[in-house]
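Trainee: How does the following fold in three dimensions:
(2 chains)
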Amino acid sequence: MWYVFLLPTLLGILFFTVYPLLESLRLSFTRGVEERFVGTDNYTDVLTSDTFWYAVYNTLYITIFQLIFAIPLGFVLACLINSLRRSSHFFKVLFYIPNTTSMVAAATVFVAILHPDGPLNYALELLGMEKVVWLSQPVSAKWGAIILSVWHWLGFVIIICLANLQAIPIEYYEASSIDGATRLQQWWFITIPNMLGSLALLCILGWIGGLQRFADVFMLGGLQGSPARSLHTVVGFIFERGFGGNEYGIASAAAYILFLVILVFTYFNIKLLRMKI
Amino acid sequence: MLSSTKRDAATKAVITILLAAIGCIMIYPFLWMISVSLERTANVALPFPPRFIPELFSWFNYGLVFENNALFLAYGNSTFLACVHVAMSIASALLGGYAFSRGSFKGKRILYIAVLATMMIPFETRLIPMFTMFNDLGLINTKYPLILPSIIDALGLVLAKQYFDQLPEGLRESAKMDGAGEFKTYFFIFVPLTGPITATLAILAFQESWNSFIWPLVVINDQHLKTVPLFLSSFSAENGDRLAGVTMALTAMSIMPILLVFIFFQKYIIRSVALSGLKGE
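Mentor: Have a look, this model is predicted:
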């Protein structure tokens, strides 16, 4: 009886989660169209491939800096927005707009923003700095991707921080101001400790999302993550090997490695949520 | 010395100005996109030095965008897929959430853990078998691979379960006493009460479907089936940084509807996003 209620979900899980997961595991031990069993060869190949490790490095590099910039900046902006009464909703909406747009559209605009003759370089020149040909050097291309992802993700960070800020009991602030605490002291001793849960949550969500980075770097750097594979990410590796080269075995092995890494972080995420609930 | 209310007002003014300045930077890419798209000279290359007010104002680029119906077609596809995705994922999430909230059946705990576990599996791990499965069924380049997987919505199910959990149990008992069966109770007593959570699920599902990229990229090549992100991606891949004006006009037109939807429903959308983020993605 109750199983009828669950039928759509269970069928979906069976066909679109359990089966693909097992099939992916099987494929990761095979090679070629004839799906010849090769043991752990695919895993060894992936783990000894320079291209794969470079993709891992790029993924981590872009994601770490995305988090380092977006989370503190978003947190501070959320605190500032929260301190305003009247216009706080306006700013909330304003800062969230980039996050509503698809990454593909955002990246298309950023290809132009990062263009050698684009506004970012123009601003740099006005500030007396040198022009950067963003998407033609490995390091600057990664920084282009970081700027894009911070811009796109900032609104999400602000929304999560604001939701938590508004949940901090106002009595804490009232009691401390009776004791003569300054605004800055209140921020340091009340706001920040109460926000640690949300900030950790954002770190983990951002990290899991960052490991799955694809659309933005694909738009900026194409299938191979040009220039010089500097925008090639782990998902890009899976995509290129799987659909560019029809190497399902290699791609599945890489996908399983990604899965195991993400599993660890999701485990922490669930622990964290349990802790909060 | 300033009185504390005056100082407060001054601080607020400074904060407002600061936020406005940063807000301008956040919104600048969109404004610049519109400015480039309206510039006649930007049809081939970017205008240099970057300027805000077009030198030669013209709708030329928009004319090109609307010249063939490709963009409208992509819109139609995206809209259709988003609606089906929303309907299917809400239906399955509410049904499943209700069962896990009110039902008592064998294996409930295990099945609920199984649902939660699906949230841990990244889509990329399932990507290749999902592709080969639909390929074997001959369904590549049809709408089915984009429609069918939307039946699982684990986060939606969890949110729906938590929503049902807080509805009073008395509702069910009185319906039972009136002789209503489980399905009747669900459809006539509980579903009508799910307005707020349905809105949240709809918003999240719509955003997910509308912005999805890698899966449509894998299963759709046909020009007639392309969604808006696919259409935009293939256009900019073909043209690189030439045709800057047309690309920007196209991007502007691709963003416009979602921006309008956002402006109308911002309160609900922001609340849904906050809820989904705090409950775990």
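
Trainee: could you pull out the strands for the stretch 51-200 of chain A?
Mentor: Taking DSSP state E, counting those that start in this stretch, the stretch 51-200 of chain A contains no strands at all.

Trainee: where does it dip in pLDDT?
Mentor: The model of the stretch 51-200 of chain A has no residue with pLDDT under 70.

Trainee: switch to 90 and redo it
Mentor: A:83-89, A:112, A:115-119, A:121-126, A:128-138, A:166-171, A:173-174, A:176-184, A:196-198, A:200 (pLDDT under 90).

Trainee: ok, B:Thr11 - how many residues close by?
Mentor: 13 (other CB atoms under 10 Å in any protein chain shown). All C-beta atoms are positioned from the backbone trio N, CA, C, and that covers glycine.

Trainee: Tell me which residue is most central in chain A.
Mentor: Centrality entry for chain A: nearest residue to the mean C-alpha point is A:Gly210, 2.9 Å, by CA atoms, centre = their mean.

Trainee: Nearest spatial neighbour of that one, chain-adjacent residues omitted?
Mentor: Using CB to CB, 6 or more residues apart in numbering or on different chains and skipping the chain neighbours, the partner closest in space to A:Gly210 is A:Thr63 (3.0 Å).

Trainee: Which residues are in contact with that neighbour?
Mentor: With contact set as CB atoms under 8 Å, 6 or more residues apart in numbering or on different chains, A:Thr63 has these partners: A:206-207, A:210-211, A:213.

Trainee: can you give me the helices in the stretch 51-200 of chain A?
Mentor: All helices of the stretch 51-200 of chain A, identified by DSSP state H, counting those that start in this stretch, fall at A:88-100, A:103-113, A:119-126, A:138-165, A:170-178, A:183-186, A:192-211.

Trainee: Show residues contacting the shortest one.
Mentor: What it means is helix A:183-186. A:173, A:176-177.

Trainee: Mind giving me the ChimeraX command for buried ones among the residues you listed?
Mentor: Restricted to buried positions by 16 or more other CB atoms under 10 Å in any protein chain shown, the ChimeraX selection for the contacts of helix A:183-186 reads:
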select /A:173
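
Trainee: Turn the contacts of helix A:183-186 into CSV, columns for distance to chain B.
Mentor: Converted to CSV, these look like this (distance: CB to the nearest CB, whole Å):
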residue, distance to chain B
A:Tyr173, 14
A:Ser176, 16
A:Ser177, 11
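
Trainee: Pick the one among the contacts of helix A:183-186 closest to B:Val246.
Mentor: A:Tyr173 (52.9 Å; CB to CB).

Trainee: Quick check: closest non-adjacent residue to that closest one.
Mentor: A:Gln186 (5.8 Å).

Trainee: what about the one you found, distance to B:Glu208?
Mentor: Look at A:Gln186 and B:Glu208: by CB to CB, to the nearest Å, they are 38 Å apart.

Trainee: now do B:Val273
Mentor: Counting by CB to CB, the gap from B:Val273 to B:Glu208 is 12 Å.

Trainee: Looking at those two now, which is surrounded by more residues?
Mentor: Using other CB under 10 Å as the criterion, B:Val273 and B:Glu208 rank with B:Val273 on top: 22 against 17.

Trainee: Over to the more buried one. Which of the three states is it?
Mentor: helix (DSSP: H, G, I helix; E, B strand; the rest coil).

Trainee: Test my guess that it contacts A:Ile159.
Mentor: Yes. Between B:Val273 and A:Ile159 a contact is recorded at 5.4 Å, counting by CB atoms under 8 Å.

Trainee: what is in contact with those two at once?
Mentor: With CB under 8 Å, 6+ apart, B:Val273 and A:Ile159 have common neighbours A:Tyr96.

Trainee: outside of stretch B:123-133, which residues touch it?
Mentor: Contacts for stretch B:123-133 (CB under 8 Å, 6+ apart): A:15-17, A:19-21, A:23-24, A:27, A:212, A:214, A:235, A:238-239, A:242-243, A:248, A:251-252, A:255-256, A:258-259, B:140, B:145, B:149, B:214-215, B:218-219.

Trainee: Now with 6 Å, please.
Mentor: A:20, A:23-24, A:235, A:238, A:242, A:248, A:251-252, A:255, A:258-259, B:218 (CB atoms under 6 Å, 6 or more residues apart in numbering or on different chains).

Trainee: what about stretch A:82-102 and chain B, any contact?
Mentor: Yes. Residues of stretch A:82-102 contacting chain B under CB under 6 Å from any CB of the partner chain: A:91, A:93-95, A:100-102.

Trainee: returning to that earlier point: quick check: the farthest pair among the contacts of stretch B:123-133?
Mentor: Between any two of the contacts of stretch B:123-133 (CB to CB), the greatest distance is 18.6 Å, for A:Glu23 and A:Val235.

Trainee: So for these two, which sits in the more crowded spot?
Mentor: Neighbours were counted for A:Glu23 and for A:Val235 using other CB under 10 Å; A:Val235 has more, 25 against 18.

Trainee: give the contact list for the more buried one.
Mentor: Applying CB under 6 Å, 6+ apart, the residues contacting A:Val235 are A:212, A:214, B:124.

Trainee: can you count the residues close to the second one?
Mentor: When neighbours are counted by other CB under 10 Å, A:Phe214 registers 20.

Trainee: Would you list the phi and psi of it?
Mentor: Note on A:Phe214: backbone dihedrals following degrees, to the nearest 10 are phi -150, psi -60.

Trainee: so it makes contact with B:Ser212?
Mentor: No. Using CB atoms under 6 Å, A:Phe214 makes no contact with B:Ser212, being 11.2 Å away.

Trainee: residues from the stretch 51-200 of chain B in reach of chain A?
Mentor: Checking the stretch 51-200 of chain B against chain A by CB under 6 Å from any CB, the hits are B:92, B:95-96, B:99, B:103, B:105, B:118, B:120, B:122, B:124-126, B:128-130, B:149, B:151-152.

Trainee: mind listing what B:Pro47 touches?
Mentor: Going by CB under 6 Å, 6+ apart, the list of residues near B:Pro47 reads B:39, B:41.

Trainee: if we go to 8 Å?
Mentor: Taking CB under 8 Å, 6+ apart, one finds B:36, B:39, B:41, B:54-55 in contact with B:Pro47.

Trainee: list the contacts for the residue nearest to the centre of chain A?
Mentor: A:59, A:62-63, A:66-67, A:149.

Trainee: Tell me the one among these nearest to B:Ser78.
Mentor: Closest to B:Ser78, out of all of the contacts of A:Gly210 and judged by CB to CB, is A:Ser149, at 23.3 Å.

Trainee: That closest one - how many residues pack around it?
Mentor: Residues lying near A:Ser149 (other CB under 10 Å) number 27.

Trainee: Name the nearest residue to it, ignoring sequence neighbours.
Mentor: A:Gln66 (4.5 Å).

Trainee: now swap in B:Ile34 and tell me
Mentor: B:Ala252 (5.6 Å).

Trainee: And B:Leu167, by the same measure?
Mentor: Nearest non-adjacent residue to B:Leu167 (CB to CB, 6+ apart): B:Leu193, at 6.2 Å.

Trainee: Distance of the one you found relative to chain A?
Mentor: According to CB to the nearest CB, to the nearest Å, B:Leu193 and chain A sit 16 Å apart.
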